[in-house]
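[1] Sequence first, then the predicted structure:
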Amino acid sequence: MNSPSKSAKGKGKTMSQDYDDLRPIITYRHILSQNLGVRDPLRVIALCDSDAFYAACERVRLALDPTVPIVVQQWESLIAVSYPARKYGISRMDKIKDAKKKCPNLVAVHVATYKEGEKEPGYWDNVDTRTHKVSLDLYRRESSKIINVFKQTLPNGEIEKASIDEAFIDLTRPVREKLLERYPHLATVPEDAPDGADSPLPPPPLINWDQLGVLIPLTPQDEVSAQDELSNVESGYSTTWHDVALSIGAELMAQVREEVSKQLGYTTSAGIARNKFLAKLCASYKKPNSQVIDRQSILRNDAIPYYLRPMPFQKIRFLGGKLGDALAKEYDVLIVGDLLTISLDEMQHKFGENALWVYELLRGIDRNEVKEKSTLFKSMLASKNLPKPITDPADGQHWIRVLAAELALRLKDAREEVPTLWPKTIVLHARKGYETSRSKQAAFPFTKNVTVDVIALAGNKLWKELMKDVTSINITSVQLAFTGIEAAETGQQMIHGFFKTRDAQHPPLKRPRSNSDDPLDKGVESETPNPPERQELSLTSFVCERCHSRIALGDVRAEWNEEQRASALAMLRQEHEDFHFAQDLAGASHPIKPRSSKPVSTRSREPEPKGITKFFSKK
């Protein structure tokens, strides 16, 4: 049985014409090649997601039973809700007092905080945003442990951390090795093969999908059980070699997830498909209420059309926002299937050459590679948005010491992996409202033991320089950062040899990586795309992790409550991330200028973006 076919609306095309790459001819050359990359017809990609990660971290730390309802709070708001707690109707939009009314036996854990006088964050009584600073260090550490389990279990797989609780895994290489081990006759091209290495592989074997995961159905049925789907396969569906590859990938992912559970105590969910886009989509298959955990979904190529066609395309990342609105308005459509009637020529005529990416995405084609990201950062930043502004310069030393404790711990953790790691510069930023921050910087001296006292001493010196001759202050945000973080060169015996004479004139410093208190300012380290608001963080702006610009809401309505402002800010954040995606898509030849808090000279204005990139830019 070939790919499912159905007439496409309005054009008389068949579904197999819309999705004409679902059953490529796989040859001996394909299975014996090692470097086909995104062109590999046997490619298998997984997206692994840790279930209710922040809550799970606290559950493991406290050695609680998995059935205990637990939430993680930040001041009076919730930033994570375990699945047992969700059964009581608790969501992240609840306040802690309301959550406890819904579930009297709820375990509520306030996220760890830094406080003055302590070298490490802790779980204190009576935490106060006016004196404490939130720490996400536990979650970063546990996230790194999970990634390490992935690497240990799949040493020849490629792993890309997507966020603090998600990672993409390219299973293609380990799947190919297992495939050749299991079917050794594929490792040698038969002498009578008509086209040599370019001859098609022999028919694949049947697959027993039991215990491998949840199969996304081939037909648009509302409810199809795993057994029903298996019967459908046995009664008429012809297996492909990519199906075999997916089944092996599912076996490997089950082993990986079992190791994470056994070694660390965390449950995970996964999506397995032919590329990153589809793996991410199918990881959340049938999880509308986020009640399905600890399982994996498998999307075979022939199931792609019926999975994508009814999907509202504006719910697909990067196809929402301004671009999604423009597509919906231009063609008067709502779902993916309706956009399939639009030809590539027509789409490119309306939205430029880069509309090819949209055209392919709608057909389940994604050419992005899984790439491991470096664990080394060029900068580390600890920041505090102050609920009560600093008006007395002497009060700044309290927050300098709190921020110094965070930097000391983060540098210590980083040096456990790379002992020769060291920052060249320490930078202090202070800001009033949404004005451009003032800053001071100095070379950070080498010392054998990095302590809070050493960092605080350097930070206080910068604070005094910054406050020098200032008669009136009203500081609403303080940031302390390390920049120029590098490791000693190979062969150097001691870290002292790493410090070379610097040029008298330093290059301008870029704003360091954000490390604010709330997941809203964590970029890829956020557990969820739109975490709840918090009292400490200003609800009208954020610092972009990529371009280091402060992005603020242009129109804040006086009648908005906290939830409305948080929602507007989350939407602004998503639009700004989409802007960076469009910038990557357009390439360096057509740069786009993001909106910044700094004024832009009209004489240096960048060219107006064209095509789909203009729907991501800020005006």
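    Arrived safely, thanks for sending.

[2] all contacts plus neighbour counts: C-alpha atoms, from now on.
    Noted.

[3] Using just helix, strand and coil, how would you label the residue nearest to Gly265 when sequence neighbours are not counted?
    Closest residue to Gly265 apart from its sequence neighbours, by CA to CA, 6 or more residues apart in numbering: Val60 at 6.6 Å. Under DSSP: H, G, I helix; E, B strand; the rest coil, the three-state class of Val60 is helix.

[4] any idea which helix or strand carries the residue of the chain most remote from its centre?
    Here the chain reaches farthest from its C-alpha mean at Asp192, the gap being 49.0 Å by CA atoms, centre = their mean. Following DSSP states H and E, there is no helix or strand that holds Asp192.

[5] Pull the contacting residues for it.
    If a contact means CA atoms under 8 Å, 6 or more residues apart in numbering, then Asp192 has no contacts.

[6] For Ser472, see how far away it is.
    Using CA to CA, to the nearest Å, we find Asp192 at a distance of 88 Å from Ser472.

[7] Touching, the residue nearest to Gly265 and Thr267? I think so.
    No - taking CA atoms under 8 Å as the definition, Val60 is not a contact partner of Thr267, at 11.0 Å.

[8] In terms of neighbours, single out the busier of these two.
    Thr267 (21 against 14; other CA atoms under 10 Å).

[9] so who does that one touch?
    With CA under 8 Å, 6+ apart, Thr267 has these contacts: Ser50, Asp51, Arg257, Val260, Ser261, Ile293, Asp294.

[10] Adding distance to Leu344 and secondary structure, write these out as TSV.
    Compiled in TSV, these are given as follows (distance: CA to CA, whole Å; DSSP: H, G, I helix; E, B strand; the rest coil):
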residue	distance to Leu344	secondary structure
Ser50	38	strand
Asp51	39	coil
Arg257	40	helix
Val260	44	helix
Ser261	46	helix
Ile293	39	coil
Asp294	40	coil
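
[11] which of these sit farthest apart?
    Greatest spatial distance among the contacts of Thr267 (CA to CA): Val260 and Ile293, at 14.2 Å.

[12] Tell me which of the two has more neighbours.
    Neighbours were counted for Val260 and for Ile293 using other CA under 10 Å; Val260 has more, 22 against 17.

[13] so the more buried one sits right up against Tyr266, yeah?
    Yes - in this structure, Val260 is within contact of Tyr266 by CA under 8 Å, at 6.1 Å.

[14] In three-state terms, label Leu138 for me.
    helix.

[15] Apart from its neighbours in sequence, what residue is nearest it?
    Nearest to Leu138 is Cys57, by CA to CA, 6+ apart, at 7.6 Å.

[16] Give me the contacts around whichever helix or strand that neighbour is part of.
    Cys57 belongs to helix 53-62 when assigned by DSSP H and E. With CA under 8 Å, 6+ apart as the test, helix 53-62 has contacts from 65-66, 70-72, 79-82, 109, 138-139, 142, 165, 265-266, 527.

[17] Surely Glu177 is within a strand?
    No - applying three-state DSSP, one finds Glu177 to be helix, outside a strand.

[18] That one - how many residues pack around it?
    Count around Glu177 with other CA under 10 Å applied: 14.

[19] where exactly do the strands run in the stretch 251-400 of the chain?
    268-273, 296-298, 379-390 (DSSP state E, counting those that start in this stretch).

[20] buried ones in the longest one?
    Applying a neighbour-count criterion of 16 or more other CA atoms under 10 Å, the buried positions in strand 379-390 are Ser379, Met380, Leu381, Ala382, Ser383, Lys384, Asn385, Leu386, Pro389, Ile390.

[21] Which residue, neighbours along the chain excluded, lies closest to the third one?
    When you say that, I think you mean Leu381. Ala481 (4.2 Å).

[22] buried subset of the contacts of helix 53-62?
    Applying 16+ other CA under 10 Å to these flags 66, 70-72, 79-82, 109, 139, 142, 165, 265-266, 527 as buried.

[23] Select, from those, the two members most distant in space.
    Ile79 and Gly265 (20.5 Å).

[24] Mind listing what's buried along stretch 147-166?
    By 16+ other CA under 10 Å, the buried positions in stretch 147-166 come out as 147, 149-151, 153-154, 157-166.

[25] lowest-pLDDT helix or strand in this protein?
    helix 226-236 (a mean of 48; mean pLDDT, DSSP states H and E).

[26] what's the following helix or strand after whichever strand or helix holds Asp98?
    For Asp98, the element it lies in under DSSP H and E is helix 96-102. Next helix or strand after helix 96-102 toward the C-terminus (DSSP H and E): strand 107-110.

[27] Tell me which other helices or strands whatever helix or strand comes next after that next one touches.
    Following strand 107-110 in sequence order, the next helix or strand is strand 113-115 (DSSP H and E). Applying 3 or more CA pairs under 8 Å, 6 or more residues apart in numbering; DSSP states H and E, one finds that strand 113-115 makes contact with strand 132-134, helix 396-417.

[28] Check the ones you listed for me and report the most buried one.
    strand 132-134 (a mean of 24; mean count of other CA atoms under 10 Å).

[29] still on that earlier bit, just the buried ones among the contacts of helix 53-62: which are in helices?
    Under the assignment DSSP state H, the buried ones among the contacts of helix 53-62 contribute Tyr139, Glu142 to helices.

[30] Closest to Leu409 out of the buried ones among the contacts of helix 53-62?
    Nearest to Leu409 among those: Tyr139, at 13.8 Å, using CA to CA.

[31] Contact partners for that closest one?
    Here Tyr139 is in contact with Phe53, Tyr54, Cys57, Ile164 (CA under 8 Å, 6+ apart).

[32] one step back: and the buried residues of stretch 147-166, which is closest to Ile551?
    So of the buried residues of stretch 147-166, ranked by how close each gets to Ile551 (CA to CA), first place is Ser163, at 20.8 Å.

[33] May I have the beta-bridge partners of that closest one?
    Glu166 (DSSP bridges).

[34] if I look at it, how far off is Asp413?
    Where Asp413 is concerned, Ser163 sits at a distance of 19 Å (CA to CA).
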